[in-house]
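Novice: need a 3D model of the sequence below.
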Amino acid sequence: MNKMLESGDIAELRKWISEAEHIVLTCHVRPDGDAIGSTLGMAHLLKTLGRRASVVVPDHPPRSLAFLPGFKEISIFTRHEDYCRRLMAEADLIICCDFNKLSRQDALGAVTGAMECRKVLVDHHQKPDYFCDLTFSYPDMSSTCELMFRIIAAMGYYPEISLDSATCLCTGLLTDTRNLTVNCKNPDIYEVLMRLLEKGVDKQHIVQEALLAQSLGSLRLQSYALSEKLEVLDDLHGAVITLGHDELKRFGYERGDTEGLVNTPLNVNGIVFSFFLREDDDCIKVSARSQEDFPVSLVCEDLFGGGGHLMAAGAEFHGTLAECRRILIEALPRYRQYIPSRLPKIE
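Specialist: Residues are numbered from 1 along each chain as shown. Below you'll find the model as predicted:
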């Protein structure tokens, strides 16, 4: 299962871990289940190995992940900047999880990049910037948590994986695959899941907390978005949802309340791609999902300088929500060639 990993890189990472006293794990801005799961999952393992391990994230993770062991110990850069800078400066090793460019960390990226200690990248996104001394980049992986598990196992540390570590790693795997419904064609992923379950992981609890549970405000917001803001592009077999700042405020929006919304239109027979545009304080957050190999990563890269995976991508647009929507709607017909010729009529 670990044949795809370079043995020399694995040996180097194990050596670096053995030599480090303090290891910081960090991830991308607006961290999701895979970002938090991979950082916390590795942090728990490192503590079992007797290392001091700290998790530093650019901004607050969603409340849907508060059930994860170690969540309360996460250091948040936008909340405690001086403390986070001190943790980074004290590190002998920094492990960057689930992002391919320093810009994906916003203001924290400059701090990460300025650190002179050894750095390791563990990520599954396309086209990484090689800003680390050691890079594990595998875009075909379902999730960074799957990759992190494989790295841990390849280093010979599977016996040291605790229930806390396994729970965090399993959370990232399940959230990035939407409970094994997307991005999980490689059958090896089921062996990874089996090995995590052997540690005592409660899969049903993870799915309920990280994927299904909603606040009343979140339910009402998503219902409004689907009822009033969903645009169906019949001739292109696509869907676009937009939510402005005032609409989010109306429903008491909190980070994570729109999690999974972009996937919902894909449940309609005949829709092959879905875009969700959300007006945040500093940008328009673009999220895209697809099926039938429609390349939303290409659309996000071409139009907004974003990217990701073939059928799961995103970007940030610095302008108005109306302008972002206009650019997207006007450009989508250029990608008609990627739409399968035989699709059922959207009803």
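
Novice: Cys117: how many residues sit nearby?
Specialist: For Cys117, the count of nearby residues is 17 (other C-beta atoms under 10 Å). All C-beta spots, glycine's among them, are computed from the backbone N, C-alpha and C.

Novice: so what's Met155 up against?
Specialist: Going by C-beta atoms under 8 Å, 6 or more residues apart in numbering, Met155 touches 10, 13-14, 17.

Novice: quick check: phi and psi at it.
Specialist: Main-chain torsions, Met155, degrees, to the nearest 10: phi -80, psi -10.

Novice: before we move on, the earlier item: and the contacts of Met155, which of them are buried?
Specialist: 10, 13, 17 (16 or more other C-beta atoms under 10 Å).

Novice: what about the last one, distance to Ala43?
Specialist: By that I understand Ile17. 12 Å (C-beta to C-beta, to the nearest Å).

Novice: any shared contact partners between these two?
Specialist: Joint contacts of Ile17 and Ala43 (C-beta under 8 Å, 6+ apart) are Ile23.

Novice: correct me if wrong: Phe317 contacts Cys324.
Specialist: Yes - judged on C-beta atoms under 8 Å, Phe317 makes contact with Cys324 at a distance of 4.4 Å.

Novice: of these two, give the one with the bigger neighbour count.
Specialist: Taking other C-beta under 10 Å, Phe317 and Cys324 do not tie; Cys324 has more neighbours (25 against 22).

Novice: and that one, that's in a helix?
Specialist: Yes - Cys324 sits within a helix when classified using DSSP: H, G, I helix; E, B strand; the rest coil.

Novice: surely Val240 touches Ala331?
Specialist: No - if you go by C-beta under 8 Å, Val240 and Ala331 don't touch, sitting 11.7 Å apart.

Novice: okay, these two: which has more neighbours?
Specialist: A direct count of neighbours by other C-beta under 10 Å for Val240 and Ala331 places Val240 higher, at 22 against 12.

Novice: so what's the more buried one up against?
Specialist: Contacts of Val240 (C-beta under 8 Å, 6+ apart): 230-231, 233, 274-277, 325, 328-329.
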